[in-house]
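Peer 1: pasting the structure only:
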C-alpha cells in the first residue's frame, strides 16, 4: 500500500467542485459536488439516532434500492434535520436538479447536509449552486481540496486521505474526505465521509467491507458524547481501474479491505483530533482482552469520560479516572490485574501495575501528556484481543463554540 497526497479526486474518473453558494453567512464555502464519469457501486452506513435527517433517509433509499450512484451533492451550514416532508422534498428536488444537470438519473444522486438542526434549506440557493458547480467539476487535486473545505462546519482543517494498491497487477486508488468536529460519538457522529475508489468490486462485498470497517473506525471516536442526526459514510466504486471484479473474499478483497480501512481510520482520527476546541488527539488502546468487543467497550468508555478528557487537557496523569471509566463500561475485567501506560512523542511511561500506582515521575508524565497526540495503553491481561478508540481533550473553547453555534 502506497500513501499518496489526495482526496476524493485521487481515484480515476472522479471529479469534484466546491463553492460559496450563500447558505452560510459571509462568504464561506458551503456547497460541494462529487461526480463519477461512470456509474458506481455504492455502499453506505448511517446514524443510529432515531431522529434521522432527511438526507440520511434519501441516501438509505439510494444505497439500498438503486442500481447505481454517480453523484453526491453536499451542503454545510444547515443540516436539513427535523424538517418534515418539506425537508425530504428538498432532497428530491436537489437530486432531480443535479440529475438533469449532469445527465444522470435522479435516483443516482446522493445528497448530504450538515449544520444547524431544524432550519429549512434555502432551496433556490441550493439549486443555483448545482448550476454553478457543473462547469467547475474537475479531477484536479485543487478541486478535491475545495470540495473538502466546502463541507466543513466548525472544523478548523480539511480532512482527506488517499492510498494506492495493486490488485491483480492493476493500480487501484482509494481516496476520501470527511467533516466532523462536534456532536461526535460512537455509532457515528455529525460527520460526513465520502470515499471514492476506481476498484471494481461487487456491491454486496463493498457494503460488507464498509460495515465491518466502520466498527473499528468512525464508531471508535468521540468528542462530546452526542450522536448526530446526519451521520453518513458513503463509498463509491466506479471500476475504472480495470482490475478483475472482486466477487469473492480472495486475496484482492483482503488487500482492498485493508486499504479501505486505512483510509477510513485516517479520516476518523482527523475528526477526533479536530474536536471542537481540542488541543490534543487522545488515543486509548486496550490490549490483552478476552474478546474484541470487550476491548472496544473499555476503550470507548475511557475516551468518552469527561473527567479523563479534562485531565488530558490539563496534562494531568490522573489515572484513577481512566480505571474508573473502565469500571463503569459494562465490560468485565479484574482491576487488580491492569497495567497502564502513557505514551507520546515525548516517550512512554508506566503509571500503574496490577491496578496499583508505580513510582513514576509526575514531571515526566506531564511532559508526555503535553504532546499533540497522547496515547493511554491499558493491558487487562485476559487474552490476545485489542482495540483502539480516539477522542480529544475537553477545553474551555468547546463550551464557547457550542454556546453560540447558531449565531
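Peer 2: Good, I have the coordinates. Keep in mind that this is a model prediction, so the values were computed, not measured.
Peer 1: so where do the strands sit in the stretch 51-200 of the chain?
Peer 2: For the stretch 51-200 of the chain, the strands defined by DSSP state E, counting those that start in this stretch cover 69-78, 109-116, 159-167, 170-179, 192-197.
Peer 1: what's the answer for the stretch 301-407 of the chain, then?
Peer 2: Under the criterion DSSP E, counting those that start in this stretch, the stretch 301-407 of the chain contains strands at 339-344, 347-353, 356-357, 373-379, 385-392.
Peer 1: Go through the ones you listed and name the closest to residue 201.
Peer 2: Residue 201 lies closest to strand 385-392 among the strands of the stretch 301-407 of the chain, at 26.3 Å (Cβ to Cβ). Bear in mind the C-beta positions are built from the backbone N, C-alpha and C, glycine included.
Peer 1: and the closest one, how far out from the chain's middle?
Peer 2: Put simply, strand 385-392 sits 14 Å off its chain's centre (Cα atoms, centre = their mean, to the nearest Å).
Peer 1: Please apply the same query to stretch 293-303.
Peer 2: Distance, centroid of stretch 293-303 to centroid of chain: 18 Å (Cα atoms, centre = their mean).
Peer 1: And residue 208, how far from residue 147?
Peer 2: In this view, residue 208 and residue 147 are 27 Å apart by Cβ to Cβ, to the nearest Å.
Peer 1: more neighbours, these two?
Peer 2: residue 147 (31 against 15; other Cβ atoms under 10 Å).
Peer 1: Now do the contacts for that one.
Peer 2: Residue 147 sits next to 7-9, 16-18, 32-34, 177 when contact means Cβ atoms under 8 Å, 6 or more residues apart in numbering.
Peer 1: export the residues you listed to CSV and tack on distance to residue 331 and pLDDT?
Peer 2: Shown next, in CSV, are the contacts of residue 147 (distance: Cβ to Cβ, whole Å; pLDDT from 0 to 100):
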residue, distance to residue 331, pLDDT
7, 37, 98
8, 37, 98
9, 42, 98
16, 42, 98
17, 46, 98
18, 42, 98
32, 40, 98
33, 43, 98
34, 39, 98
177, 34, 98
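Peer 1: Between those, which sits nearest residue 298?
Peer 2: Once Cβ to Cβ is applied, the member of those that ends up nearest residue 298 is residue 177, at 30.9 Å.
Peer 1: just to revisit the earlier point, farthest-apart pair in the contacts of residue 147, please.
Peer 2: Greatest spatial distance in the contacts of residue 147: 7 and 33, 13.8 Å, computed using Cβ to Cβ.
Peer 1: quick one: common contacting residues for the two?
Peer 2: Here residue 7 and residue 33 have 16, 147 as joint contacts, going by Cβ under 8 Å, 6+ apart.
Peer 1: which other helices and strands contact the longest strand along the chain?
Peer 2: Criterion DSSP state E: the longest strand present in the chain is strand 31-46. With contacts defined as 3 or more Cβ pairs under 8 Å, 6 or more residues apart in numbering; DSSP states H and E, strand 31-46 has these neighbours: strand 14-19, helix 54-65, strand 69-78, helix 123-133, helix 141-150, strand 192-197, helix 203-216, strand 232-237.
Peer 1: For residue 261, which of these is the nearest?
Peer 2: helix 203-216 (4.7 Å).
Peer 1: quick check: angle from that closest one to helix 54-65?
Peer 2: For helix 203-216 against helix 54-65, the angle by axes from the mean of the first three to the mean of the last three Cα atoms, to 10 degrees is 140 degrees.
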